[in-house]
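Undergrad: Can you look at this prediction? I've put the sequence above it.
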Amino acid sequence: MKTILIKNALRIARMNDSREEISGGDILIEGNLIKQVGRDIPARADRVIDAKDCVVLPGFVNTHHHLYQTLTRNLPAVQDSKLFDWLLYLYEVWRHVTPEGVYVSAQVGLGELLLTGCTTSSDHFYLFPGGKSADLIDREISGARSVGMRFHACRGSMSRGRSKGGLPPDDVVQTEDEIMRDCERLVQAYHDRKACAMTRIALAPCSPFSVTTELLKLSAVMAKQWDVRLHTHLAETIDEEAFCLATHKMRPLAYMESVGWLEGGRAWFAHCVHMNAAESRLMGQTRTGVAHCPSSNLRLGSGIAPVRMYLKDRVPVGLGVDGSASNDSSAMLPEARQAMLVARVKSGVDSMPARDALWLATRGGAEVLGRDDIGELSPGKAADLSIFDVSDIDFAGSLSDPVAAVLFCGAGVRAKHVLVDGRPVVENGRLALVDQAAVARQANKLSQEMLEKAA
């Protein structure tokens with residue numbers, strides 16, 4: 001079994017229950033697991049990584065994304081649009097995505113995440129052009145494997161097209177039967193329940209305004225039967241709240257409770273910007289998680305989620321970079337910084353210390369995805385970690401607290417090294433398993449083809 005010794009780190013932030021930090025620390029990795037964490041570990045290893053002048057963190061966990069949107073970043077027509085207008089325009093572009101586009105966009109988005117210290121990502125894929133599933137989720141999973149990312153594929157769906165009062169075009173939605181057949185296929189083919197699993201599946205109807213009540217109920221029933229998790233968007237905008245009140249006579253969370261989604265602690269919701277105190281308490285009591293996506297919420301003017309309230313009520317909270325068409329980035333470290341900053345605007349300057357934001361990005365995300373084997377640098381945990389060099393000029397003067405410096409300082413910081421499952425996937429700031437320049441060129445080509453078809 002191969003061993004890796006990470007040696008002499010400036011600071012290791014373990015993110016264990018006591019939030020222990022070690023100066024001048026070492027980490028011994030054996031196979032895909034962390035074997036030992038401490039100082040001066042007396043071990044001979046197949047490889048030694050010198051972490052001098054570096055901060056070592058557990059790999060970040062991204063709890064919400066739409067990878068295919070990396071092909072439609074920064075489009076001028078919707079740079080200043082609110083969510084519903086933004087969606088109506090972009091559906092006309094996204095309906096032209098191809099299987100190759102799905103694969104390459106996964107490489108782009110997950111590669112960018114890896115470069116910024118993220119080692120586990122979920123993705124919410126819900127758009128099936130022509131109403132056909134084909135192998136689009138399979139292509140995403142292949143893309144994740146090609147770059148080395150630990151991956152939770154959320155089999156999304158839309159069953160309420162415009163002819164039924166929904167937002168999406170009818171040609172990108174499916175029937176309940178088509179959706180659930182493909183969900184069952186994917187769970188049987190890919191869902192790995194073992195510790196340190198590299199691939200898991202969740203059921204993920206898109207949103208209250210793009211799926212039927214019947215699909216939400218059926219998804220909850222089958223998620224329990226198949227022992228998988230549930231995911232959707234919720235309470236992102238005031239428009240969504242108005243839709244739920246007009247259509248279902250309930251606020252969004254009450255609607256999701258009525259269809260069985262708050263049972264069993266298996267669901268997590270993206271955004272949750274517009275929740276009140278009673279709803280926060282209910283989320284905490286039912287162990288229903290939140291994927292906090294601050295950059296997307298700011299970009300679309302949706303608001304700022306009340307994260308400090310959620311944490312007070314013991315709601316599981318992780319971070320999500322969200323789709324790159326609303327964030328324009330898949331970078332995880334800036335998302336943690338953004339979470340730190342917006343909480344201070346929402347709830348006061350002392351409401352989100354840097355280490356709390358890093359906790360959300362690691363242990364918080366692991367809890368949201370239902371995992372206890374990642375997000376922490378401790379013996380027996382998966383060997384997922386990121387190493388950040390803080391010796392350059394953009395960190396000068398900040399090393400009285402090198403862990404906080406990773407968030408407070410650094411201009412476009414990328415990880416120096418990243419390991420997933422004990423495997424180096426970023427080496428000296430570059431993706432190790434794919435040619436990232438070639439991936440970028442192919443993504444730009446496919447993006448242009450989509451835009452030309454839409455035009």
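TA: Ah, there it is.

Undergrad: Now do the contacts for Val211.
TA: By CB atoms under 8 Å, 6 or more residues apart in numbering, the contact list for Val211 reads Ser157, Met158, Ser159, Arg160, Gly166, Pro205. Backbone N, C-alpha and C define where each C-beta goes, glycine included.

Undergrad: tell me the contacts of the third one?
TA: Spelled out, it's Ser159. With CB under 8 Å, 6+ apart, Ser159 has these contacts: Val173, Gln174, Thr175, Glu176, Ile179, Pro205, Ser210, Val211, Thr212, Glu214, Leu215.

Undergrad: Could you rerun that using 10 Å?
TA: By CB atoms under 10 Å, 6 or more residues apart in numbering, Ser159 lies in contact with 166, 168, 173-179, 205-206, 210-216, 218.

Undergrad: just the buried members of these?
TA: With burial judged by 16 or more other CB atoms under 10 Å, the buried subset of these is 166, 168, 173-174, 176, 178-179, 205-206, 210-212, 215-216, 218.

Undergrad: ok, which pair from those residues is furthest apart?
TA: Spatially, the most separated pair among these is Pro168 and Leu218, at 19.0 Å (CB to CB).

Undergrad: can you list the domains in the protein?
TA: Residue ranges for the domains of the chain, per automatic domain parsing: 3-58+384-431, 60-368.

Undergrad: shaky segments in this structure?
TA: Applying pLDDT under 70 to the chain picks out residues 324-325.

Undergrad: At the geometric centre of it, which residue do we find?
TA: Residue closest to the mean C-alpha point of the chain, counted by CA atoms, centre = their mean, is Asn62 at 2.5 Å.

Undergrad: need the contact list for that one.
TA: Asn62 neighbours (CB under 10 Å, 6+ apart): 109-110, 113, 116, 118-123, 149, 152, 291, 293, 318-322, 330, 332, 335, 361, 365, 369.

Undergrad: repeat that with 7 Å
TA: Leu113, Cys118, Thr120, Ser121, Ser122, Leu319, Gly320, Val321, Met332, Gly365 (CB atoms under 7 Å, 6 or more residues apart in numbering).

Undergrad: Leaving out chain neighbours, which residue sits closest to it?
TA: Ser121 (4.1 Å; CB to CB, 6 or more residues apart in numbering).

Undergrad: for Lys2, same thing?
TA: Counting by CB to CB, 6+ apart, Asp46 is the residue found nearest to Lys2 once chain neighbours are left out, at 4.9 Å.

Undergrad: now the strands: where do they sit in the stretch 351-455 of the chain?
TA: For the stretch 351-455 of the chain, strands defined by DSSP state E, counting those that start in this stretch occupy the ranges 385-389, 417-420, 423-427, 430-431.

Undergrad: Export the ones you listed as TSV, with columns for distance to Ser326.
TA: Formatted as TSV, those follow (distance: least, CB to CB, whole Å):
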stretch	distance to Ser326
strand 385-389	25
strand 417-420	25
strand 423-427	25
strand 430-431	24
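
Undergrad: ok, and which of those strands has the densest surroundings?
TA: Ranked by mean neighbour count, those are led by strand 417-420 with a mean of 27 (mean count of other CB atoms under 10 Å).

Undergrad: strands paired with that one, and their directions?
TA: Here strand 417-420 has these sheet partners by DSSP bridges: strand 385-389 (antiparallel), strand 423-427 (antiparallel).

Undergrad: List of residues touching that strand?
TA: Strand 417-420 has contacts (CB under 7 Å, 6+ apart) with 49, 59, 114, 117, 119, 148-150, 383-387, 424-427.

Undergrad: Over to stretch 81-92?
TA: Residues outside stretch 81-92 that contact it (CB under 7 Å, 6+ apart): 72, 77-78, 167-169, 172, 236-237, 239, 300-302, 325, 454.

Undergrad: Is Leu61 in contact with Asp373, as I believe?
TA: No, residue 61 isn't Leu; it's Val. No. Counting by CB atoms under 7 Å, Val61 stays clear of Asp373, with 11.3 Å between them.

Undergrad: who has more neighbours, these two?
TA: Using other CB atoms under 10 Å as the criterion, Val61 and Asp373 rank with Val61 on top: 30 against 17.

Undergrad: All the strands of the stretch 1-150 of the chain, residue numbers only.
TA: Applying DSSP E, counting those that start in this stretch to the stretch 1-150 of the chain gives strands spanning 3-13, 21-30, 33-38, 47-50, 54-58, 60-62, 118-125, 150-157.

Undergrad: So which bits of the fifth one are buried?
TA: Going back to what we said before, that points to strand 54-58. Across strand 54-58, burial judged by 16+ other CB under 10 Å covers Cys54, Val55, Val56, Leu57, Pro58.
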